[in-house]
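Asker: need coordinates for the following:
(chains A and B)
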Amino acid sequence: MGIGFDHKAGVLAALLAGAAIVAPAGAQTVIDVAIIGEADTFDPMMSTKDVVSIVTQHFVETLYTFDESWAVAPLLATDLPQISDDGLVYTIGIREGVTFHDGSTMDAADVVASLNRWLEVSTRGKGVAGKVASVEATGPYEVTITMSEAYSPLLSLLAFSNSAAAVYPEEILGDTVEQVVGTGPYMIAEHVPDQYLQLVRFDGYVSRDEPSSGSAGKREQIPDEIRFVPVPDPNTRVEGLLSGQFAFADGLPAESFARLEESDVADPLLLKPFGWPIFAINHKEGLLTSREIRLALQAALPIDDMLYAAFGDDNFFVVDGPLYPEGWAWRTDAGTERYNQNDQKAAAEMLKEAGYDGTPLRILTSRQYEFHFKMAEVARQALEMAGFNVQMDVVDWATLGQRRDDPALWDIYITHSPFLPEPALTSMYESSSRLGWAEPEKDAIFAEFTTETDEARRFELFEQLQAKVFEDVGFIKIGGFNALMGVQQGMTGIPASPWPFFWNAKSE
Amino acid sequence: MTRYILKRIVGMIVVIFLVLTIAFVIVRLAPGDPAALMLGPDATPEDTAALRTRLGLDQPILVQYLTFVGNAVRGDLGSSIFFNQPVVEVLAGRVEPTAFLSLFSLLISLVIATPIGIYAAYRRGSWLDQGAITAAMLAASIPSFWTGLMLQRYLATDLGWFPASGYGGPDADFFDRMGYLILPSIVLGIVNSALILRFTRASMLDILGEDYIRTARSKGMGEARVVLRHALKNAAIPIITVVGLTFALLVSGAVVTERVFNIPGMGNLVVGAVLRRDYPIIQGTLIVVATLYVVINLATDLLYLVVDKRVKY
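Answerer: Sure thing, here's the model as predicted:
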C-alpha cells in the first residue's frame, strides 16, 4: 500500500522517457504531511505553538489526552485520577510496561521528574505551579499531586499538547532537553531543518486498547513513516497536495477550496469551526481602561462586514457571539445581546458621554495573518464613523509579538485562537495576563470557576464569566472561523482537528 | 598583477568588515523579538524575558557587537537562535541547492540568451530582433513568482512532469534532488535570460559597427567567422560582467523562487530568518553573500585578462 509519494525516479530520466515523474511507492507506507513551518522545538513543554503540538504529539505523550468530544481521557495514566472530596489530592495510576524510545521503562519517578520540570519551565505549568503543593511518587506506578488550593482545570492542562506536561525519562531532564525521548507511537529518525522531519514507527510502543476516539484510545501506528515537511507558502502546499506529493496539507487558503472540491486527487477537509478571531484589549494603560469607551468600541463594530471581508466565503466563517460554538458543552448565550450591534450612532453617543477627547485608538495588527488585517481595516472605518480617531499600527508578526508585551504601545491587538477544550486554558480571563483585565466581580467568578469541581456549578459560573466578557468588554470575540486542510482521496483516520495526527491514517 | 590582486583582497576585507557591522546594526534596528516568536502566542512576558536572557539578547548592544566581531574574526558566526545549530553548519546545508540552482539557471539563461542576442544583433531590425526584444521585455517584466506559480501549476500539478516543490525526502539521492531543481531553474533561467540577452545584443551591435569588422568582411572572411570569432570575442567583456553579476545575484539566494518551490537554499533561509528574527543567521548570510559578491567580482575582473589581451592590471 502506498500513501505518500517518493520521487525515486530522477526527473531527467522521467522526462527522457516522456512520462510523469510520479514513481510507485515502495512497500513502506509513508505519509508526507505539509505543515505551515518548521517546529521551533521538539520539546512541547517549551512552546505554545500549534505546529509544535502537531508534530510532537507523535513521539511525546502526556498522562492524559482528549477524546473526540474533548473530554479528558487517560493516555499514560491508567485511568482518570482519584480526586479527594476537597479537590486537593489527585492520585494517578501510571501504566506499567510502557517504554521510552531509548528502551528504558517508564515509572512514577519519570512522571514526577517530568511534572516538576513542567511546573518550572513551561508557560502553562508555571501558571498552575503556585497552586501545587507537591508532586510525589506514592508507589512505583502511582503519582500523587497535592494542591494547595483546588484547581479544576488541572486535568485539562495535563492533557493539553500545547505547553504540554510531557513525560520524559528522568535522566534526560534539565532546563533544556537536548535529545527528546518520548513514549509515543513514532520516534525521530532524522531531521533536516526546513526540509523534513522523518518519524518512524516505534516497535516497542504499547498502545491503549480502547477504541480510538479523538487522540484517546488505540494508536494503531498504521503508517511505517510519517514525514513532516515544512512548506511556509500556502499556495505551494496546495500544489504539493494536488500533485500527489503530500498526503495531507495543513492551513490551506480559502481560495483553494473550489480547486480541492473539483480535484480527483485530493479532498478538502474543513475544520468547522476551528477558532475565533479576537480583539485583545489593553486594560492596563491607555484609552480602553475606560469601560464606557470599551462599550462604545463594542457597539460600533460591524461584525458581519468584518468577517466577510476577512474570509470572503460563508463556508469559512460564522457570525456567532457565544465564546463556544454550537455542540460544545460550554455553549451559552449569556451576555450575547451586546454582540454585533453594528450601531455607530449609539457608539458616538457613548463616546460623547464618556468625554472622549480624540486620543488615537491604536490597533496593533499584522499582515502575516491577512484576515487580521482585513478585519481591522473594516473595523477602522466603522470606528471612525462613530467618532474614534483610529491609528492602525500594521507590523509583522515578530514586531507584534514584541510590542504587545509593552502596554504603552497599543490599545487593541488582533490575534486568534482555536476553541480550547477548557475555558481556563484561555489566559485572557486572568488579571495577570498581558491584557490585564482586572475587575473584582469577574476575578471572583473566575477564581471560583477554577476551584469548583462540580461540573454543573462550573457551567453556571462560566455563564457568568461569559456575561462579564460582554458587560465589561474584557476582550472581543469577532466570530467563528473554519480552517481548511486537504487530504489525499481515499485516506481515512485523519481527524479534522487543530492538531491533526496520523497514527491511524490509512489509504483505502 | 600580484600587487593588484593583493590590493583587491585588502579591499575585500574592508568591505566584508563594513558589511559585518552594517548587518549587525540593521538586524537590531528592526523591531521584533525572537524569544516571543519561539515561545508562541500564549507565552507570558516573563517567559519571554527569561528566554531573552538565556539567548544573551539582554546584553548591552556594544557587548553583543564586540562578541560578534571577535567570534566572526575566528570564523565563528554564532549559533542560530531558531535551529540551535552553528550558523556555519546551517549555511553549509544550504550551499548545495542554491549553488546548483544558480548554476542550472545560469546555464539555461546563457543557452537562451546568447545565441538569440547574437542573432538579433546580426539581424538588427528583423522580425526576429523585434520578437527577441519584446520577449526579453516580457520576461523581465513578469514577476518570477508568477512564472513560478504558473509553471508549478501546469507542469507539476496538472501534467506531473516535475515535483511541485521541495528538495526530496530522506531517501532522495543526488540525482533525485537535482530533479527538484529543474522547474525552478527554468523559471530563473527565463527571468535572467532577459538581461543577458539585451546586453549581448547591445554589445554585439556596438562591435558589429566597428571598422575592423568591416575590414574583415571586405577581406572575404565568412560571416560566421566574422560574428563568432571577431565580434563576439570583442563583445565579451560587457557580457561577462552581466553574467558575473547575475551569478552573484543567484548565488546569494533566489529568494522568491526558492520560496515558491520550497527549495531549502540561502534565499529561503534568509526569508525565514528575517521572519523569525534569527539574528545570527541573518548576519551570517549577509557576510557570506557579501564575500561571494566581492569574490565573483574579482573573478570577473580577472576573466577579462583571459578574453582580452589588451587588459592589463
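Asker: where does pLDDT dip in chain A?
Answerer: A:1-27 (pLDDT under 70).
Asker: now find how far off-centre stretch A:149-158 is within its chain.
Answerer: Mean-position distance between stretch A:149-158 and its chain equals 18 Å (C-alpha atoms, centre = their mean, to the nearest Å).
Asker: quick one: the spatially closest residue to A:Ala329 that is not a sequence neighbour and A:Leu465, what's the gap?
Answerer: Once flanking residues are discounted, A:Ala329 sits nearest to A:Phe459: 7.5 Å by C-beta to C-beta, 6 or more residues apart in numbering or on different chains. All C-beta atoms are positioned from the backbone trio N, CA, C, and that covers glycine. Between A:Phe459 and A:Leu465 the computed distance is 10 Å (C-beta to C-beta, to the nearest Å).
Asker: do A:Pro81 as well
Answerer: Distance from A:Pro81 to A:Leu465, by C-beta to C-beta: 25 Å.
Asker: one more: B:Leu149?
Answerer: From B:Leu149 over to A:Leu465 the distance is 47 Å, taken as C-beta to C-beta.
Asker: out of the two, which sits in the more crowded spot?
Answerer: Applying other C-beta atoms under 10 Å in any protein chain shown to B:Leu149 and A:Leu465 shows that A:Leu465 carries more neighbours, namely 24 against 18.
Asker: what about the more buried one, distance to A:Thr359?
Answerer: 30 Å.
Asker: A:Asp267 too?
Answerer: 51 Å.
Asker: which of the two has more residues huddled nearby?
Answerer: Neighbours per residue, other C-beta under 10 Å: of A:Asp267 and A:Thr359, the larger number sits with A:Asp267, 17 against 13.
Asker: what about the helix or strand where that one lies, distance to the chain center?
Answerer: In the assignment (DSSP states H and E), A:Asp267 maps to strand A:266-281. In terms of C-alpha atoms, centre = their mean, the centre of strand A:266-281 is found 11 Å from the chain centre.
Asker: and stretch B:284-301, by the same measure?
Answerer: On C-alpha atoms, centre = their mean, the centre of stretch B:284-301 falls 10 Å from the chain's centre.
Asker: same check on stretch A:441-453?
Answerer: 23 Å.
Asker: buried sites along that stretch?
Answerer: Within stretch A:441-453, the residues that count as buried by 16 or more other C-beta atoms under 10 Å in any protein chain shown are A:Lys442, A:Ile445, A:Phe446, A:Glu448, A:Phe449, A:Thr450, A:Thr451, A:Glu452.
Asker: what does that stretch contact?
Answerer: A:83, A:87, A:149-153, A:423-424, A:429-431, A:458, A:461-462, A:464-465, A:468, A:472, A:474 (C-beta atoms under 8 Å, 6 or more residues apart in numbering or on different chains).
Asker: restricted to helices, list these.
Answerer: A:Arg458, A:Leu461, A:Phe462, A:Gln464, A:Leu465, A:Lys468 (DSSP state H).
Asker: how close does the first one sit to chain B?
Answerer: So that's A:Arg458. Distance of A:Arg458 to chain B, given as C-beta to the nearest C-beta, to the nearest Å: 22 Å.
Asker: from the ones in helices among the contacts of stretch A:441-453, pick the one nearest chain B.
Answerer: Nearest to chain B, judged by C-beta to the nearest C-beta, of the ones in helices among the contacts of stretch A:441-453 is A:Leu465 at 18.5 Å.
Asker: for that closest one, which non-adjacent residue is closest in space?
Answerer: In space, A:Leu465 is closest to A:Ile445, 5.2 Å off (C-beta to C-beta, 6+ apart).
Asker: wait, is B:Gly93 part of a strand?
Answerer: No. Counting by DSSP: H, G, I helix; E, B strand; the rest coil, B:Gly93 is not part of a strand but helix.
Asker: need the pLDDT of it.
Answerer: Per-residue pLDDT puts B:Gly93 at 90.
Asker: now do the same contact list for it.
Answerer: Contacts of B:Gly93 by C-beta under 8 Å, 6+ apart are A:Val192, A:Pro193, B:Pro264.
Asker: can you give me the distance of the first one to A:Glu261?
Answerer: Which is A:Val192. From A:Val192 over to A:Glu261 the distance is 34 Å, taken as C-beta to C-beta.
Asker: more neighbours: which of these two?
Answerer: Legend: neighbour count by other C-beta under 10 Å for A:Val192 and A:Glu261, higher for A:Val192 (14 against 10).
Asker: state the distance from the more buried one to chain B.
Answerer: For A:Val192, the distance to chain B equals 7 Å [C-beta to the nearest C-beta].
Asker: quick check: B:Ala36 touching B:Ala49?
Answerer: No. Using C-beta atoms under 8 Å, B:Ala36 is not in contact with B:Ala49, being 9.8 Å away.
Asker: more crowded one of these two?
Answerer: Regarding B:Ala36 and B:Ala49, a neighbour count based on other C-beta under 10 Å identifies B:Ala36 as having more, with 26 against 16.
Asker: how about the more buried one, what does it touch?
Answerer: Contacts for B:Ala36 (C-beta under 8 Å, 6+ apart) come out as A:Ala398, A:Gly401, A:Gln402, A:Asp405, B:Ala43, B:Thr48.
Asker: pull out the buried residues from stretch A:317-328.
Answerer: A:Phe317, A:Val318, A:Asp320, A:Gly321, A:Pro322, A:Leu323, A:Tyr324, A:Pro325.
Asker: so of those, which ones are in strands?
Answerer: Taking DSSP state E as the definition of strands, the buried residues of stretch A:317-328 contribute A:Phe317, A:Val318.
Asker: and which of the buried residues of stretch A:317-328 is nearest chain B?
Answerer: The closest of the buried residues of stretch A:317-328, once distances to chain B are taken by C-beta to the nearest C-beta, is A:Leu323, at 16.6 Å.
Asker: A:Phe446 versus that closest one, what's the distance?
Answerer: From A:Leu323 to A:Phe446 the distance is 13 Å (C-beta to C-beta).
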